[in-house]
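Student: return a 3D structure for these sequence lines:
(one chain, ligands or ions: 2)
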Amino acid sequence: ASLLAAHDLRKTYGSTPALDGASFSVHPGEVVAVMGPSGSGKSTLLHCLAGIITPDSGTITYAGRELSAMPDAERSALRRSDFGFVFQFGQLVPELTCLENVALPLRLDGVKRKAAERTAREWMERLEVDGLGAQRPGEVSGGQGQRVAVARALAGSPKVIFADEPTGALDSLNGERVMELLTQAARTTNAAVVLVTHEARVAAYSDRDVTVRDGRARDLEHSA
Ligand code: ADP
Ligand code: ADP
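Tutor: Numbers count the residues shown, from 1 in each chain. Ligands and ions are numbered 1, 2, ... in the order given. I've put the predicted structure just below:
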């Protein structure tokens with residue numbers, strides 16, 4: 001069964017339709033790339049699926065429960081416990097060290113500092129940034145920072161990872177390494193990945209592609 005599924009989503013900003021009957025689903029352990037031209041509705045779809053914004057109509061079910069039927073506080077708690085996020089830029093807290101950044105979702109979940117930092121260290125090792133624990137985000141390269149961000153997303157043991165152009169600010173070599181490590185980590189933990197990208201090279205890491213055009217999502221067979 002699908003872990004996360006959306007049916008017939010519609011969302012309008014003023015008079016601009018961003019989603020116009022979009023449907024989507026992802027299974028545990030599956031990496032789905034959401035592709036399409038700029039302005040087609042990819043980010044809006046991702047933000048709806050992640051419970052960050054509410055669609056005007058349509059349904060989203062996560063683990064058999066309807067997101068829009070949940071009280072806000074419960075949806076926020078779910079987002080914190082079950083979802084991980086990787087964005088293009090600016091997601092690390094600049095005042096914290098890289099280790100503290102990776103440990104942050106666990107700390108917010110009530111895990112004690114020592115245990116949280118132990119888990120954070122393990123994830124930093126897997127993402128090959130274990131030497132950067134004491135550095136601040138401003139002191140590491142773009143590729144290193146994104147690997148720290150992926151480690152942070154995974155440290156909270158998410159069931160779904162939302163990645164919005166996670167390699168958009170990286171050169172191709174660093175981008176490929178981030179994608180390799182992200183998809184490998186997701187497969188190891190059986191997390192689903194919803195990956196928004198406009199780059200075919202990045203989408204090549206997915207199991208399946210969904211193309212969004214004019215606010216409508218269409219499933220395509222992967223052309224590997
Ligand atoms: P994509 O991620 O594919 O570039 P978006 O989901 O960001 O597409 O945008 C879809 C459409 O909705 C675009 O026409 C965009 O300009 C519009 N849009 C997105 N977010 C907003 C917003 N917060 N306010 C007004 N219009 C928006
Ligand atoms: P934009 O597309 O507007 O440039 P992002 O894609 O980074 O920006 O973020 C879009 C939305 O997601 C924003 O409303 C932001 O508040 C929210 N957001 C960003 N990071 C997180 C996060 N880690 N958890 C939950 N929501 C987030």
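
Student: quick one: the strands in the protein, in order.
Tutor: All strands of the chain, identified by DSSP state E, fall at 4-13, 16-26, 31-35, 57-62, 65-66, 83-86, 160-164, 192-196, 208-213, 216-220.

Student: tabulate the ones you listed (TSV), appending distance to Leu173, mean neighbour count and mean pLDDT.
Tutor: Where you see a C-beta, it was placed from the backbone N, CA and C, and this is true even at glycine. Rendered in TSV, the data for those read as follows (distance: least, C-beta to C-beta, whole Å; neighbours: other C-beta atoms under 10 Å; pLDDT from 0 to 100):
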stretch	distance to Leu173	mean neighbour count	mean pLDDT
strand 4-13	31	18	95
strand 16-26	28	20	93
strand 31-35	20	25	96
strand 57-62	35	18	96
strand 65-66	41	11	94
strand 83-86	18	24	94
strand 160-164	18	25	96
strand 192-196	19	26	96
strand 208-213	23	20	92
strand 216-220	27	16	73
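
Student: OK, contacts around the most centrally placed residue in the chain?
Tutor: For the chain, the residue nearest the mean C-alpha position is Phe162 (1.5 Å; C-alpha atoms, centre = their mean). The neighbourhood of Phe162, defined by C-beta atoms under 8 Å, 6 or more residues apart in numbering, consists of Leu46, Leu49, Ala50, Phe83, Gly84, Phe85, Val86, Val194.

Student: the first one and Thr188: what is the separation?
Tutor: I take that to be Leu46. According to C-beta to C-beta, to the nearest Å, Leu46 and Thr188 sit 23 Å apart.

Student: now the lengthiest helix in the chain and strand 160-164, what's the angle there?
Tutor: For the chain, the helix that runs over the most residues, judged by DSSP state H, is helix 172-189. Computed by axes from the mean of the first three to the mean of the last three C-alpha atoms, to 10 degrees, the angle separating helix 172-189 from strand 160-164 equals 170 degrees.
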